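# Here is a sequence together with a model predicted from it:
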Amino acid sequence: MEFNEYQKLANRTLYGNEQVLTNCALGVASEAGELVDLVKKYTFHGHDLDKKELTKELGDVLWYLSQIAEWADIPFEEAAVQNIEKLRQRYPDGFSEERSRHRVE
């Protein structure tokens with residue numbers, strides 16, 4: 001599935017009012033917190049990593065991000081492409097600690 005297609009399909013389930021942006025921004029934080037809690041339990045509490053639950057939470061974060069982009073009239077794919085280009089410029093040969101420490105924006 002393409003990013004922009006996902007964005008449009010996800011938008012079908014957006015419930016709206018004048019607070020859409022705030023709702024979606026808070027939703028990203030809330031769902032990211034649920035994702036982080038899974039990682040915390042795996043890392044520090046000896047739980048198995050529940051990939052089904054992790055996938056669900058990733059999807060929830062993705063939904064909110066796509067709807068923030070939709071609200072701002074930003075094609076979701078544009079955000080993805082710009083991010084990859086930024087990473088390509090920052091780390092042309094892949095991640096390195098040296099380039100990370102001496103990064104120029």
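Looks like it came in fine.
# alpha carbons only for contacts and neighbour counts from here, please
Fine.
# Does residue 27 touch residue 64 like I think?
Yes - using Cα atoms under 8 Å, residue 27 makes contact with residue 64 at a distance of 6.2 Å.
# burial measure for residue 72, as a count.
By the measure other Cα atoms under 10 Å, the count of residues near residue 72 is 10.
# next one: residue 64
Around residue 64 there are 24 residues (other Cα under 10 Å).
# dump the residue contacts of it.
24, 25, 27, 28 (Cα atoms under 8 Å, 6 or more residues apart in numbering).
# For it, what are phi and psi?
Note on residue 64: backbone dihedrals following degrees, to the nearest 10 are phi -60, psi -40.
# Retrieve the pLDDT associated with it.
The model reports residue 64 with a pLDDT of 98.
# Dump the helix or strand of the chain with the lowest mean pLDDT to CSV, restricted to CA.
Ranked by mean pLDDT, DSSP states H and E, the weakest helix or strand in the chain is helix 97-101, scoring a mean of 93. Written as CSV, here are the backbone C-alpha positions of helix 97-101 (Å, rounded to 0.1, in the frame of the first residue of the first chain):
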residue,chain,number,x,y,z
GLU,A,97,28.3,7.4,15.5
GLU,A,98,31.0,9.9,14.2
ARG,A,99,28.6,11.6,11.8
SER,A,100,25.9,11.6,14.6
ARG,A,101,28.2,13.4,17.0
